[in-house]
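K.L.:
Structural data only, the sequence is not supplied:
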């Protein structure tokens, strides 16, 4: 990893942007004639309407070290919300600007990772160079040697504590000797006058100090400096050119419990320029390996936990109940035998031959074998309310679509060239005259195709009136099969995969359970769901160990 180049060198367009006047740069107000530095001055949003704003929608990215994290799904939801806001605000410049307004807390139900420097959350002198991603900044401000303060900028979003481990890097593109570039994170509140009121933890490039104490080497040109927070062991660390410099601060969780933490950067000398990488590109430091080590430590702690015997017995009961509900009666019987051998005192003699479990198992097996006709007949005879209940209409639609696909699969396997027999408009409702249109399995390729076309017309008649775009698309995807002599070359060829039968079988099994006024989830599934919610809440409170656990990927797959 250390050999990777995490940042692209600045191109000509960025150099031209460097020469742009401060008034033309997004989010920067003209400095006073005195050139004095100080707190960020309030900026009128109306004044920004005539300046540059991003026109491209935000790009969703997941840093590689977070790919196994539970937070990814919430990140995806947050990105989708941003896309909606971007589309709604494209005709309004002010709505585009709003995406850079500081947020006091995470949005409900989802979170966003820091992805860019925030042009509206900085002090005078710092210029954010857009170039599509707003990750590059330079300093062009007053030179005041009487003050030790640097101009500071924060990111667009705070660090989600439920990451468990967070990391970002900067590349020093240009700096003067002993220039006080600082990297770290900050937590602060912004008043109406935009005065910095919080605290910050930074690594100083001119002195190599952290919190006033010697820490690491000084920065040089082209250095790649990284900053990471480990919520599991309550530490902050820095890296230089891919090498870990060790722990810089401790006690992060105590402060983070009541404050939001943002990646931050400080600059003071004209001509200083850096570019940040928030995970959109490979890092110089192997943060993936560190994340793997942290996750393994948590897993080891979990596996080494001693469990009382009664907990094991309860777990076996949960597993058995789940197998019976899923219609896996034979598997349940094998499980009972094995469990009795290991734990002879347990009473696991449950009714695995429950009539409903057997019925659901048989329906499931029919679907998995591609015999959709048999599954539909069983549903009609045993659980007709599933076919009639509006709540299960989508499930019935999926099942009947699967029947059409199975007919196409059979036609494909027959190797019968029917290119000249395809002049039939399935959506017109015209049946093929003189053909047997029963759902009995036809024998020849031509009969198979005729039956499939007829059944497609029935699907159109039953579900074609559904106004939902996704429903119309699904029907059109099915109709596209008949336009190809070889269905395996059609755009929807992936639908022929027998593995997709399992998804339909799960939906039908769930519908039967609901129709029996049973809970749609087994006790085991509900326990896993409740545990996942508990872990999320603990992670949001800064429990790093909870943040590193992903029940579904670590234990259920």
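P.N.:
Now that the structure is in, tell me what you want to look at. These figures come from a predicted structure and were not determined experimentally.

K.L.:
Let me see the mean pLDDT of the strand ranked longest in the chain.
P.N.:
Within the chain, and with DSSP state E defining each element, the longest strand by residue count is strand 165-174. The average of the pLDDT scores along strand 165-174 is 93.

K.L.:
Which strands border the next helix or strand after that strand, and is each parallel or antiparallel?
P.N.:
Once strand 165-174 ends, the next helix or strand along the chain (criterion: DSSP states H and E) is strand 182-187. Paired neighbours of strand 182-187 in the sheet (DSSP bridges): strand 199-204 (antiparallel), strand 262-267 (antiparallel).

K.L.:
between strand 182-187 and strand 165-174, how big is the angle?
P.N.:
Between strand 182-187 and strand 165-174, the angle comes out at 140 degrees (axes from the mean of the first three to the mean of the last three Cα atoms, to 10 degrees).

K.L.:
if we can go back for a sec, determine which stretch of the strands paired with strand 182-187 is the most buried.
P.N.:
strand 262-267 (a mean of 25; mean count of other Cβ atoms under 10 Å). The way it works is simple: take the backbone N, C-alpha and C, and place the C-beta from them, glycine included.

K.L.:
want to try JSON lines for the strands paired with strand 182-187, with distance to residue 364 and mean pLDDT as columns?
P.N.:
Putting those into JSON lines (distance: least, Cβ to Cβ, whole Å; pLDDT from 0 to 100) gives the following:
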{"stretch": "strand 199-204", "distance to residue 364": "56", "mean pLDDT": "84"}
{"stretch": "strand 262-267", "distance to residue 364": "50", "mean pLDDT": "91"}
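
K.L.:
Figure out which of the ones you listed is closest to residue 400.
P.N.:
With Cβ to Cβ as the criterion, residue 400 lies closest to strand 262-267 of the strands paired with strand 182-187, at 51.9 Å.

K.L.:
what element comes up after the closest one heading to the C-terminus?
P.N.:
strand 273-277.

K.L.:
Contacts for the next helix-or-strand element following that following strand, please.
P.N.:
Counting by DSSP H and E, the next helix or strand C-terminal to strand 273-277 is helix 287-303. Applying Cβ atoms under 8 Å, 6 or more residues apart in numbering, the external contacts of helix 287-303 come out as 1, 63-66, 68, 164-165, 167, 226, 228, 230, 232, 544-545, 548-549, 554.

K.L.:
hey, where'd the helices end up in the stretch 451-557 of the chain?
P.N.:
Counting by DSSP state H, counting those that start in this stretch, the stretch 451-557 of the chain has helices at residues 469-479, 501-515, 523-540, 544-547, 551-555.

K.L.:
Please convert the ones you listed to a markdown table, extending it with distance to residue 386.
P.N.:
Converted to a markdown table, the helices of the stretch 451-557 of the chain look like this (distance: least, Cβ to Cβ, whole Å):
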| stretch | distance to residue 386 |
| --- | --- |
| helix 469-479 | 19 |
| helix 501-515 | 5 |
| helix 523-540 | 20 |
| helix 544-547 | 39 |
| helix 551-555 | 28 |
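
K.L.:
export these to a markdown table and tack on mean neighbour count?
P.N.:
Shown next, in a markdown table, are the helices of the stretch 451-557 of the chain (neighbours: other Cβ atoms under 10 Å):
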| stretch | mean neighbour count |
| --- | --- |
| helix 469-479 | 15 |
| helix 501-515 | 19 |
| helix 523-540 | 15 |
| helix 544-547 | 23 |
| helix 551-555 | 13 |
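
K.L.:
least reliable of those helices going by mean pLDDT?
P.N.:
Looking at these, the lowest mean pLDDT belongs to helix 551-555 (a mean of 84).

K.L.:
what distance separates it from the centre of its chain?
P.N.:
Its chain's C-alpha centre and that of helix 551-555 lie 15 Å apart, by Cα atoms, centre = their mean, to the nearest Å.

K.L.:
quick one: secondary structure of residue 128?
P.N.:
Look at residue 128: counting by DSSP: H, G, I helix; E, B strand; the rest coil, its state is strand.

K.L.:
so what are the domain limits for the protein?
P.N.:
As assigned by automatic domain parsing, the chain contains the domains 12-285, 309-353+522-555, 371-513.

K.L.:
any idea which of the ones you listed is most buried?
P.N.:
Most buried of these, by mean neighbour count (mean count of other Cβ under 10 Å): domain 12-285, with a mean of 18.

K.L.:
quick one on the thing from earlier: quick one: closest of the strands paired with strand 182-187 to residue 466.
P.N.:
Between residue 466 and the strands paired with strand 182-187, the shortest gap by Cβ to Cβ is with strand 262-267, which sits at 46.5 Å.

K.L.:
what bits of this structure have low per-residue confidence?
P.N.:
Residue ranges of the chain with pLDDT under 70: 1-58, 86-110, 130-132, 143-148, 178-179, 188-198, 256-258, 340-355, 414-446, 518-519.

K.L.:
can you give me the strands for the stretch 101-250 of the chain?
P.N.:
117-122, 126-129, 136-139, 151-155, 165-174, 182-187, 199-204, 209-210, 213-214, 224-230, 235-240, 243-250 (DSSP state E, counting those that start in this stretch).

K.L.:
so what secondary structure elements neighbour the second one?
P.N.:
In other words, strand 126-129. helix 12-18, strand 117-122, strand 136-139, strand 151-155 (3 or more Cβ pairs under 8 Å, 6 or more residues apart in numbering; DSSP states H and E).

K.L.:
Please repeat the previous calculation with a cut-off of 10 Å.
P.N.:
helix 12-18, strand 117-122, strand 136-139, strand 151-155, strand 262-267, strand 273-277 (3 or more Cβ pairs under 10 Å, 6 or more residues apart in numbering; DSSP states H and E).

K.L.:
Dump the ones you listed to CSV, plus distance to residue 298.
P.N.:
Below are those laid out as CSV (distance: least, Cβ to Cβ, whole Å):
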stretch, distance to residue 298
helix 12-18, 42
strand 117-122, 32
strand 136-139, 36
strand 151-155, 27
strand 262-267, 25
strand 273-277, 26
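
K.L.:
Residue 537 against residue 161, yeah?
P.N.:
No. If you go by Cβ atoms under 10 Å, residue 537 and residue 161 don't touch, sitting 11.3 Å apart.

K.L.:
which residues do these two both contact?
P.N.:
Both residue 537 and residue 161 are in contact with residue 543, where contact means Cβ atoms under 10 Å, 6 or more residues apart in numbering.

K.L.:
Between the strands of the stretch 101-250 of the chain, which one is closest to residue 503.
P.N.:
Across those, residue 503 has its closest neighbour in strand 165-174 (33.8 Å, Cβ to Cβ).

K.L.:
and that closest one with strand 235-240, angle?
P.N.:
30 degrees.

K.L.:
Strand 165-174 pairs with which strands, and in what direction?
P.N.:
Going by DSSP bridges, the partners of strand 165-174 are strand 224-230 (antiparallel), strand 273-277 (antiparallel).

K.L.:
Can you lay out these as TSV showing distance to residue 180?
P.N.:
Converted to TSV, these look like this (distance: least, Cβ to Cβ, whole Å):
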stretch	distance to residue 180
strand 224-230	13
strand 273-277	13
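
K.L.:
Minimum distance to residue 84: which of those strands has it?
P.N.:
Comparing the strands paired with strand 165-174 against residue 84 with Cβ to Cβ, the closest turns out to be strand 273-277 (26.4 Å).

K.L.:
which residues sit in contact with residue 239?
P.N.:
2, 167, 169, 203, 216, 224-228, 245-246, 283-287, 290 are the contacts of residue 239 under Cβ under 10 Å, 6+ apart.

K.L.:
packing partners for the strand or helix carrying residue 385?
P.N.:
Per DSSP H and E: residue 385 is located in helix 384-388. Judged by 3+ Cβ pairs under 10 Å, 6+ apart, the packing partners of helix 384-388 are helix 372-382, helix 393-414, helix 501-515.
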